[in-house]
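[1] Structure of the sequence below:
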Amino acid sequence: MELLFIIGFLLAILVGLSMGLMGSGGSILTLPIFVYLFHVEPQYALDYSLFSIGILALIGSVKPVTKGEVDLKTTAIFLIPSLVSVYLTKRHLLIAIPTQFHLAEMAVSRNHVIMLLFSIVILISALAMIRRRKQVEISAVTMHIGQVLKIIIAGLLVGIMTGLVGAGGGFIIVPSLVLLLGIPLKKAIATSLFIIGLNASFGLIANYKLLNHMNWPILLTFTLITLIGLQMGSKWKDKLKVVRLQGIFGYFLISIGILILMVEIIQFVNH
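    The predicted structure is shown next:
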């Protein structure tokens, strides 16, 4: 087995760990792992990411749902616009990007566009995680039309990101639930995990024709290893300072985002 494959499988533990601890962040790591370590084309790696994150998040949500830690009413409000935008993005927006086109006499591929967009999303995610350390939970508030509209808009944005770059969008979901609705952080993380699982699963189903391209041994092995990290994160969640971890993980994501951006720009220029 190649060294890169071994590194990829080891990083699968980090993916599950971040999802178990913070309800976000893991999906941000899966796409570059499949692209750069398992050598999967970005347009196909999106579905690899959706598969592993979908299963990871749904399994991670079972216990919180049964314990009543998931806000189902908020999930419904967030999920409906999110699923709509996932479907439209996967079936129309993504395939609308040409397989290859020219920009200032340079050939640009769909794969380059996906990874450049992803690097931007990962940097935004990192900054959101760092900023979240300074956010203070507010008291639960009565939901009014203005808040509902903001939640719907957030749901639409998360759906677009899930469909376009395979990101779960936990960095948008958690702050939205905490700051707009006053949902406690622990409950917001559990709700975020549930929403991400349903979103990713729906995004995969919406693009089921690409399932023929899956390398199932690698994908299933990776997904099973992420579940180990998920169990570790779930056990440590109440013992560690999650908000501080989010800040540290945010700085780690910044370095990953910058590295991906540099790699893609160099490949783009040398293409």
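[2] Which residue comes closest to Val108 once chain neighbours are left out?
    Phe101 (5.5 Å; Cβ to Cβ, 6 or more residues apart in numbering). Just so you know, the C-beta spots here come from the backbone N, C-alpha and C atoms, and that holds for glycine as well.
[3] hang on, the one you found packs against His112?
    No: the pair Phe101 / His112 is not scored as a contact, 10.2 Å apart, by Cβ atoms under 8 Å.
[4] More neighbours: which of these two?
    For Phe101 versus His112, neighbours defined as other Cβ atoms under 10 Å are more numerous around His112 (19 against 12).
[5] So which bits of the host helix or strand of Ile80 are buried?
    Under the criterion of DSSP states H and E, Ile80 resides in helix 72-88. Along helix 72-88, these residues count as buried under the neighbour rule (16 or more other Cβ atoms under 10 Å): 74-75, 77-79, 81-83, 85-88.
[6] before we move on, what SS does Leu127 have?
    helix (DSSP: H, G, I helix; E, B strand; the rest coil).
[7] so what's it up against?
    250, 254 (Cβ atoms under 8 Å, 6 or more residues apart in numbering).
[8] Ile33 now?
    By Cβ under 8 Å, 6+ apart, Ile33 lies in contact with 8, 11-12, 15, 222.
[9] Now do stretch 176-192: distance to the chain's middle.
    17 Å (Cα atoms, centre = their mean, to the nearest Å).
[10] Just the terminal-to-terminal distance for that stretch.
    10 Å (Cα to Cα, to the nearest Å).
[11] cool, stretch 103-116 as well?
    15 Å.
[12] list the buried ones in that stretch?
    Buried, per 16+ other Cβ under 10 Å, within stretch 103-116: 108-116.
[13] I'd like to know which of those is nearest to Thr66.
    Among the buried residues of stretch 103-116, Ile114 lies closest to Thr66 (Cβ to Cβ), at 36.7 Å.
[14] excluding its backbone neighbours, what's nearest that closest one?
    Per Cβ to Cβ, 6+ apart, closest to Ile114 is Pro42, 4.3 Å.
[15] which residues touch the one you found?
    Neighbours of Pro42 in contact, by Cβ under 8 Å, 6+ apart: 31, 35, 110-111, 114-115, 118.
[16] follow-up on the earlier one: mind picking the one among the buried residues of stretch 103-116 that's closest to Asn199?
    Ile114 (17.9 Å).
[17] how near is that closest one to Arg131?
    Distance, Ile114 to Arg131, by Cβ to Cβ, to the nearest Å: 26 Å.
[18] Give me the buried positions along the helix or strand hosting Phe194.
    Using DSSP H and E, Phe194 sits in helix 185-206. Using 16+ other Cβ under 10 Å as the test for burial, helix 185-206 gives 185, 187-204, 206.
[19] could you give the mean pLDDT of it?
    Regarding helix 185-206, the rounded mean pLDDT is 82.
[20] what's the weakest-modelled helix or strand in the chain?
    helix 170-181 (a mean of 74; mean pLDDT, DSSP states H and E).
[21] Many thanks, I have nothing further to ask.
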